[in-house]
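Here is the input, now give the coordinates:
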Amino acid sequence: MILKFFEIHQGASIASHIVLHEKWEDVRIHRLRVFHLRFQERIAMSSVNSSHLRFVLFATAVTAIGGFLFGYDTAVINGANSYLKVHMNLSPTQEGTASASAILGCIPGAMFAGFLSDRYGRKKLLFVCAFLYAISGFLSAIPNTFWQFLAARFISGLGIGASSMICPVYIAEISPEKWRGRLGSLFQLGIVTGIFLTLWINKFIQGMGDDAWNTSMGWRWMLGMEVVPAIGFIALLFTVPESPRWLMQKGREEEAKGILEKVGGTEHAVRELSSIRAAIGQEEGRFSELFSHTYFRPLLIAVLLMAFSQFCGINAIIYYSTKIFESAGAVKNAAFTSTVWVGLINLLFTFVAIAFVDKLGRKPLLLIGTFIQTLALGMIGWMFHTGQTGISLLICVVVFIAAFAMSMGPISWILCSEIFPNKVRGRAMSVATFTIWVSCYIVAQTFPMLIENPSIGPAMIFGIYGAISLLSFIFILSIVPETKGRTLEEIEASWKVPSR
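Next up is the predicted model:
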């Protein structure tokens, strides 16, 4: 009986064990299936996200070519101006005018581009900029008189002014908020890449002949090479879409939806369309609204930020670094080499901004950068005052460039393209870029005269630039908000909440 019971019990246990084992196998198989399905979903989502990122990255990279041409045009005069001065027998005032002539075109270019882009679209204005760059590059290489040269550079300035307004706006309007800071930094990356490569091009062309050849022909090749990237920009613009926010403002919702789906998928498109539609419904879209109580603070931030970014002296170095190093005792070839180092550091430290602008935020980078700028400029002024030159001066200039490249350089453009309402963003950016180019013109026009004035000289100039950098640090700490991780519509709504 006991044996029988044991056999029955043992059989039941074995049967139960088999059932439990089968159930466990079923659970394992189910879990494996769930894991496999989730893995496939993740791969599919990753593929979708990758396709969205590729689409946005391509569109913003093409737009950043406008920044590259901006940088080329900004830096090319650095190598050309010393030979142009001899070729055309220019006075210090005329030399300043030659360097600043493009900036004179930037001012109307920036002012009218906002109105035109709000009316005709961002993409059409990018085409106009590309054609202006190409025409200017050709005409700048063939002038016979000083006035012909000024006219050619003025045309270039129209392109720079317009692209400096439209490129950051286009990138901000097409980028999702989680990528907007890094993608917005591509415009500044384009600028510094253009500056860096142009300095190398200038150095290469300078090495093709002696001073006599460079005085008669070399500077023409430096300026004329701009035609090549300008033609490439024109060709690539055919492949990028219009700004979805501009399309929504014009009632072309289906086109905007299609672009937003490519940017971030269906859910992103629905969410963005809803936000844009609500924001447009609340706006009157008048230029005068910029000066209302609601938007006075963003306007003040944009204007002062752009002014500070120029009066710290960045373009005195970008335009005249060769002249600065020559005034410190360097021979022309060594001055060119030092200038190339400036361009390299400017390029490399822009990647710091790209890496941290969406992680650390806009404001912390601005504070770090302007603090280091203040110290570096103070040291440069002190070195000129005490007669110290050579590698120590180059290091201080490079530190200043690095600080600017990781903060004020890219982030000023990003912030200004983010803080204004959709319907007047183009016109608002025109005010900001008008400010930057008026400030830039003042710096570029006055620097050659001030550095050669024995009662002023480089020591006092860089001391003033350092004081302005300190003021910009205080301004950013006190007034500038953080915009990291917020949609353009959320930033816009924040201005309607009374500040404490």
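
which stretches of the stretch 201-350 of the chain form helices?
Assigned by DSSP state H, counting those that start in this stretch, the helices in the stretch 201-350 of the chain fall at 211-213, 219-224, 227-237, 244-249, 253-264, 266-282, 296-311, 314-327, 332-356.

sorry, that was for the stretch 401-500 of the chain
408-418, 425-451, 457-478, 488-494.

okay, now Ile276: neighbour count?
By other CB atoms under 10 Å, the residues close to Ile276 number 24. All C-beta spots, glycine's among them, are computed from the backbone N, C-alpha and C.

In contact with it, which residues?
Counting by CB atoms under 8 Å, 6 or more residues apart in numbering, Ile276 touches Pro244, Arg245, Met248, Ala256, Asn422, Glu489.

how about those, which pair is most distant?
Pairwise distances across the contacts of Ile276 peak at 14.1 Å for Ala256 and Glu489 (criterion: CB to CB).

Now Tyr83. Nearest residue, chain neighbours left out?
Using CB to CB, 6 or more residues apart in numbering and skipping residues adjacent in sequence, the residue nearest Tyr83 is Trp219, 4.4 Å away.

after the helix or strand Gln94 falls within, next one along is what?
If you go by DSSP states H and E, Gln94 is part of helix 92-120. Later in the chain than helix 92-120, the nearest helix or strand by DSSP H and E is helix 122-140.

buried residues in that next one?
122-123, 125-126, 128-140 (16 or more other CB atoms under 10 Å).

now do stretch 300-318
So, applying 16+ other CB under 10 Å, buried residues of stretch 300-318: 301-318.

And stretch 248-255, by the same measure?
For stretch 248-255, by 16+ other CB under 10 Å, it's Met248, Gln249.

will you turn the contacts of Ile276 into TSV that also has distance to Ala376 and pLDDT?
Shown next, in TSV, are the contacts of Ile276 (distance: CB to CB, whole Å; pLDDT from 0 to 100):
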residue	distance to Ala376	pLDDT
Pro244	41	91
Arg245	39	87
Met248	44	89
Ala256	45	91
Asn422	38	74
Glu489	38	79
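
Can you convert the residues you listed into TSV and add a column each for distance to Glu95?
Converted to TSV, these look like this (distance: CB to CB, whole Å):
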residue	distance to Glu95
Pro244	45
Arg245	43
Met248	48
Ala256	48
Asn422	43
Glu489	47
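
Return the members of the residues you listed classed as buried.
Pro244, Arg245, Met248, Ala256, Asn422, Glu489.

Tell me if I'm right that Thr433 and Ser117 touch.
No: contact criterion CB atoms under 8 Å: Thr433 and Ser117 do not qualify, at 11.5 Å.

more crowded one of the two?
Using other CB under 10 Å as the criterion, Thr433 and Ser117 rank with Thr433 on top: 30 against 27.

Which residue, other than its chain neighbours, is closest to that one?
Ala110 (3.6 Å).

ok, that neighbour - contacts?
Ala110 touches Gly161, Ala162, Ser164, Met165, Ser430, Thr433, Phe434, Ile436, Trp437, counting by CB under 8 Å, 6+ apart.

Now do the fifth one against Phe356, distance only.
Spelled out, that is Ser430. Between Ser430 and Phe356 the computed distance is 29 Å (CB to CB, to the nearest Å).

on that earlier part again, pick out whichever of the contacts of Ala110 sits closest to Ser185.
The closest of the contacts of Ala110, once distances to Ser185 are taken by CB to CB, is Ser164, at 14.8 Å.

Secondary structure element holding that closest one?
If you go by DSSP H and E, Ser164 is part of helix 146-174.

counting contacts, what elements does that helix pack onto?
For helix 146-174, the elements it packs on are helix 2-87, helix 92-120, helix 122-140, helix 180-206, helix 244-249, helix 408-418, helix 425-451, judged by 3 or more CB pairs under 8 Å, 6 or more residues apart in numbering; DSSP states H and E.

Rebuild those helices as a markdown table, extending it with distance to Ile461.
Converted to a markdown table, the helices and strands packed on helix 146-174 look like this (distance: least, CB to CB, whole Å):
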| stretch | distance to Ile461 |
| --- | --- |
| helix 2-87 | 17 |
| helix 92-120 | 13 |
| helix 122-140 | 28 |
| helix 180-206 | 21 |
| helix 244-249 | 42 |
| helix 408-418 | 18 |
| helix 425-451 | 5 |
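
middle-most residue in this structure, spatially?
Gln188 (2.6 Å; CA atoms, centre = their mean).

Could I get the contacting residues of that one?
Applying CB under 8 Å, 6+ apart, the residues near Gln188 are Gly67, Thr350, Ala353, Ala405, Gly409, Pro410, Trp413.

what number of residues lie near the nearest residue to it once chain neighbours are set aside?
When the adjacent residues along the chain are set aside, Gln188 lies closest to Pro410, with 3.3 Å between them (CB to CB, 6+ apart). Neighbours of Pro410 under the rule other CB under 10 Å: 32.

dump the residue contacts of Pro410.
Gly184, Ser185, Phe187, Gln188, Leu189, Thr350, Ala353, Ile354, Val357.

show me where pLDDT drops low in the stretch 301-450 of the chain?
Across the stretch 301-450 of the chain, the ranges flagged by pLDDT under 70 are 320, 322-339.

so how far is Arg277 from Gly232?
Counting by CB to CB, the gap from Gly232 to Arg277 is 37 Å.

what angle do whatever helix or strand Met383 lives in and helix 180-206 make?
Secondary structure assignment for Met383, by DSSP H and E: helix 362-386. Helix 362-386 and helix 180-206 meet at an angle of 30 degrees, taking axes from the mean of the first three to the mean of the last three CA atoms, to 10 degrees as the criterion.

Pull out the buried residues from helix 362-386.
362-381, 383-384.

gap between the helix or strand hosting Leu393 and the chain center?
Element membership for Leu393, per DSSP H and E: helix 391-406. Relative to the chain's own centre, helix 391-406 is displaced by 19 Å; criterion: CA atoms, centre = their mean, to the nearest Å.

Would you mind getting the angle between it and helix 362-386?
Going by the same axes, to 10 degrees, helix 391-406 makes 160 degrees with helix 362-386.

So for helix 391-406, what gets flagged as buried?
393-394, 396-406.

Would you mind giving those residues as TSV with distance to Ala493 added?
Listed next are the buried residues of helix 391-406 as TSV, based on distance: CB to CB, whole Å:
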residue	distance to Ala493
Leu393	48
Leu394	47
Cys396	43
Val397	42
Val398	42
Val399	39
Phe400	37
Ile401	37
Ala402	36
Ala403	33
Phe404	32
Ala405	32
Met406	30
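
what two of those residues are the furthest from one another?
Largest pairwise distance in the buried residues of helix 391-406, by CB to CB, is 21.1 Å, between Leu393 and Met406.

ok, so what distance separates the closest residue to Glu226 other than its chain neighbours from Gly232?
Nearest non-adjacent residue to Glu226, counting by CB to CB, 6+ apart: Gly137, 3.3 Å away. Relative to Gly232, Gly137 is positioned 12 Å away (CB to CB).
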